[in-house]
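Engineer: Got a predicted structure plus its sequence, pasted below:
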Amino acid sequence: MTRVAGRGGSPSAPRSADVAQLAGVSRKTVSRVLNNEPYVSDDVRRRVIEAAEKLGYRLNNAARALASGRTRSIGVVALGTAGYGTASLLVAIEKAVRDSGYALRVVNTLDGEPDDIARAVDSLLDQGVDGIIVSEPVIEGEVSVRVDVPVLFLGAPPAFGGPRAVTASVGADLLARAATDHLLDLGHQTVHHLAGPLRWYAARDRVEGWRAALAARGRHQPPLVEGDWSADSGYQAGRKLAADPEVTAVFVSGDDMAIGLIHALTEAGRRVPHDVSVIGFDGNPVFAHVTPPLTTVRQPFDAAAREGLRLLVHAIEKPDTHMPPASDPPVELVVRASTAPPPSSPS
């Protein structure tokens, strides 16, 4: 990195004029390149970026905001929880936002109440964000808030309007269908389902994927059992399912619940996977090291966040153009030792 000498020969922070001189362009051109404005040739853009990197020049955010009318920041409304799926998606969003060249502002809510979400959105708007991501798995009713920036609803339907409301899928229904298909492909006649709390969008999407897979094969749909994402709720559900000798396969809406379910089945003498196959949902790597190692579907947190950010940044930077088509996240089945063909006859 080249240092620019200040008065007395001591190094000082490089200025845009230094970048312009090294790149052989005007200061206005430097401003255009660093603010990602159009009408700059690829060669000039490359020279300016290389000069800025060589000098260690960092564009002042306040100056950038004055020049472009944008703060280059994105706000996130997220549920304040340490759950693996919710926390992993927030980490993926943060990485995608920063990789897109924006700063991140996060406001957590507690329970999905409309008033809490409205206050979170107002807080982000007060900070001057250019766009908002709503990564809120529970929204209990209509949110009354005025928004003048694009909004991305990630894994949930729009809860309020704005100049440009964008939705992006996290692929929960596709993953649920793949999990159910895996068990059916092993030869099970049907698949039982331990769902998450149905007030959550994620739980409902997974139920839809499970039902779609059974319907596509013309299979009987057993009554679903509802848990609350915890291992203890999986254990309680497992005690009920263990008493039914017809149960040979269970798709569980979360890995934590799956571990509780396996605990209850094992206590009741129903061996996994010899008597009952169990598949989870999330892809928490910890559960590769339980007994038996858990077969699961891995949530594509990074891919879903990148795709959502691509759409949101387009809405921010190109507001007068059509939105590009959204693509579905990848589906990844992680086969371990908790699933197998069904027993020859019910236990």
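Structural biologist: Looks like it came in fine.
Engineer: Give me the pLDDT value at the nearest residue to Phe287 once chain neighbours are set aside.
Structural biologist: In space, and not counting its chain neighbours, Phe287 is closest to Leu294: 4.1 Å by Cβ to Cβ, 6 or more residues apart in numbering. C-beta here means a position set from N, CA and C on the backbone, and glycine is covered the same way. With respect to pLDDT, Leu294 scores 98.
Engineer: again, but for the one 5 residues further on
Structural biologist: Note for Gln299: predicted pLDDT of 96.
Engineer: Gly85 is in contact with that one, correct?
Structural biologist: Yes - the criterion here is Cβ atoms under 8 Å, and Gln299 meets it with Gly85 at 6.1 Å.
Engineer: Give the residues shared as contacts by these two.
Structural biologist: Asp282 (Cβ atoms under 8 Å, 6 or more residues apart in numbering).
Engineer: which element is the most centrally placed residue in the chain on?
Structural biologist: Centroid-nearest residue in the chain: Leu89, 3.8 Å away (criterion: Cα atoms, centre = their mean). In this structure, Leu89 sits in helix 84-99 according to DSSP states H and E.
Engineer: buried residues in that helix?
Structural biologist: 84-86, 88-90, 92-93, 95-97 (16 or more other Cβ atoms under 10 Å).
Engineer: show me the residues around the residue nearest to Phe287 that make contact.
Structural biologist: Under the criterion of Cβ under 8 Å, 6+ apart, the contact list for Leu294 reads 255, 258-259, 262, 278-280, 287-288, 336, 338.
Engineer: same thing but 7 Å
Structural biologist: 255, 258, 280, 287, 336, 338 (Cβ atoms under 7 Å, 6 or more residues apart in numbering).
Engineer: ok, of these, which one's closest to Leu241?
Structural biologist: Ala258 (11.9 Å; Cβ to Cβ).
Engineer: next structured bit after the helix or strand Val134 falls within?
Structural biologist: Using DSSP H and E, Val134 sits in strand 131-135. Using DSSP H and E, the helix or strand that follows strand 131-135 towards the C-terminus is strand 151-154.
Engineer: elements contacting the helix or strand just after that following strand?
Structural biologist: Using DSSP H and E, the helix or strand that follows strand 151-154 in sequence is strand 165-168. Applying 3 or more Cβ pairs under 7 Å, 6 or more residues apart in numbering; DSSP states H and E, we find strand 165-168 packed against strand 151-154, helix 301-317.
Engineer: So for the first one, mean pLDDT?
Structural biologist: It refers to strand 151-154. On average, the pLDDT along strand 151-154 is 94.
Engineer: In the sheet, which strands lie alongside it, parallel or antiparallel?
Structural biologist: Sheet pairing for strand 151-154, assigned by DSSP bridges, gives strand 131-135 (parallel), strand 165-168 (parallel).
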